[in-house]
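>>> 3D model of this:
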Amino acid sequence: MESVSYISEFSGLMRMVLENSRKDLITLKEDVDFVNYYLKLQKLRFTDKFNFIIEIDEKINTEIVKIPPMLTQPFIENAVEHGMRQIEKDGVIQVAYKLDEIGLVITIIDNGKGISEETDGKHNSLATTITKERILNISRLQNLKIKMEITEAFPDNENKGVQVVFTIPQIK
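A predicted model of the protein is given here:
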């Protein structure tokens, strides 16, 4: 029965990927639904290893606010594949969507081991490289200046985690 659930969730996720890949912008609701599907699917895979929290600022109308598709997904995938894989239990991935004076702020935080010390800061992940390229293209094509910042989430803890913050100006 678990395999049926896994296949059903995977099917829904793939359908969303295909639909969203054809669009320049998606609603925040579509992004939240995608993140929720993805993390539910990963929880089936990593039973009891982590939980996830999705927070949405009550001031946000998720049906109206738009963002580029697949912006958050690579970093949520990294949080699962790199952050949660390295811990035994009590993992947490938090995705928060908030409004500020500039626009939409999306924060992805995990409590995994953190940015690999062995790379000594000299290596960018594939997710980071591809996303930086996408942000440059979006900036050129849509005149949308998205900012991305990646830091340790908990620098004073043994598990430093990773925090990724996107700041997306309001789309007119």
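
>>> Return the set of buried residues in the one helix or strand residue 30 maps to.
Using DSSP states H and E, the element containing residue 30 is helix 28-45. Applying a neighbour-count criterion of 16 or more other CB atoms under 10 Å, one finds 28-35, 37-39, 41-43 buried in helix 28-45. C-beta here means a position set from N, CA and C on the backbone, and glycine is covered the same way.

>>> same check, this time on stretch 94-113
Across stretch 94-113, burial judged by 16+ other CB under 10 Å covers 94-95, 97, 103-113.

>>> The spatially closest residue to residue 33 that is not a sequence neighbour: what secondary structure?
Across the structure, with CB to CB, 6 or more residues apart in numbering as the measure, the residue nearest residue 33 apart from its sequence neighbours is residue 16 (6.9 Å). Using DSSP: H, G, I helix; E, B strand; the rest coil, the secondary structure recorded for residue 16 is helix.

>>> same thing with residue 55?
With three-state DSSP as the criterion, residue 55 was assigned strand.

>>> quick one: contacts for it?
Residues touching residue 55, when contacts are defined by CB atoms under 8 Å, 6 or more residues apart in numbering, comprise 94, 95, 96, 97, 98.
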